[in-house]
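Peer 1: Could you look at this predicted model? Sequence included:
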Amino acid sequence: MDRKARSVLDIGCSSGELLKQCGHTLKYGIDVSRAAEALFDVQGAYFELYDLETDNHAVGFFEVLACLEVPEHIRNWENLLDVVDANADPTGCTLIWSAAPPGQRGVGHVNLQYPRWWRRRLAQRGWHLDRRATRRFKLRVEGQVPSHYSDNARVYRR
C-alpha cells in the first residue's frame, strides 16, 4: 500500500483485518454484513453498513482504495465501479484490486471475470494498471495473505 497516503477505504472490509495493518491517519471500512459490523474492531477506524449492489454514494475521498476478493461476489459490477469512482480522491488515488477469475473456487461467487476484463472496465473509467507497483505489492504480501489474494491483485492509479 502507498506509505505516503493518509487515507484508506476498504471496500468490502469484513472484520477489518486489512485496516489493522494500515498506518494511515484515516481508515474506513464499508460492508453490507451486520456480522462484519459486529466483528469490526479496528482502533481508530470507521465502519459503515453499505450495500455494494445498490449504494454508490461517497463516504469520503480516499488516497488508497482496497477492494480485495469482493468483485466476484457482486452481480451489479457497474455499481461497484461507481463506488470506487465516487470515493477516489480527485487529486490522485491508488486502487488495490483483487478479483477471483473463472475457475477459482469459493462461496458466493456470482461474477467471475479474468483480470484483463476488469482492467478494461477500470481503464474506461480512467484507472491505469501500474505493473511495477503490482509486482512490489505482490512481493510484499506474499506468504502473509492467502495465495489467491496476491495472485489476483493488481494496483491501479488515477
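Peer 2: Yep, it's here.

Peer 1: Out of the helices and strands in the protein, which is least certain?
Peer 2: Within the chain, confidence by mean pLDDT, DSSP states H and E is lowest for helix 147-152 among all helices and strands, at a mean of 84.

Peer 1: can you count the residues close to Ser98?
Peer 2: Applying other CB atoms under 10 Å, we find 23 residues neighbouring Ser98. The C-beta positions use only the backbone N, C-alpha and C, and glycine is treated the same way.

Peer 1: one step back: output the contacting helices and strands for the least confident helix or strand of the chain.
Peer 2: Contacts defined by 3 or more CB pairs under 8 Å, 6 or more residues apart in numbering; DSSP states H and E place helix 147-152 against strand 94-98, helix 131-141.

Peer 1: for the ones you listed, which one ends up most surrounded?
Peer 2: Compared across these, strand 94-98 shows the largest average neighbour count, a mean of 24 (mean count of other CB atoms under 10 Å).

Peer 1: Asn152 and Ala99 touch, don't they?
Peer 2: Yes. Asn152 lies in contact with Ala99 (CB atoms under 8 Å); the separation is 5.9 Å.

Peer 1: Show me whatever sits in contact with both of those two.
Peer 2: Common contact partners of Asn152 and Ala99 (CB atoms under 8 Å, 6 or more residues apart in numbering): 69, 115.

Peer 1: what about the residue nearest the centre of the chain, which helix or strand?
Peer 2: With distances taken as CA atoms, centre = their mean, Cys67 lies nearest the centre of the chain, 1.2 Å away. Element membership for Cys67 (DSSP states H and E) is strand 64-68.

Peer 1: re the thing from before, could you dump the helices and strands packed on helix 147-152 to JSON lines with mean pLDDT and distance to His57?
Peer 2: Formatted as JSON lines, these follow (pLDDT from 0 to 100; distance: least, CB to CB, whole Å):
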{"stretch": "strand 94-98", "mean pLDDT": "97", "distance to His57": "18"}
{"stretch": "helix 131-141", "mean pLDDT": "93", "distance to His57": "28"}
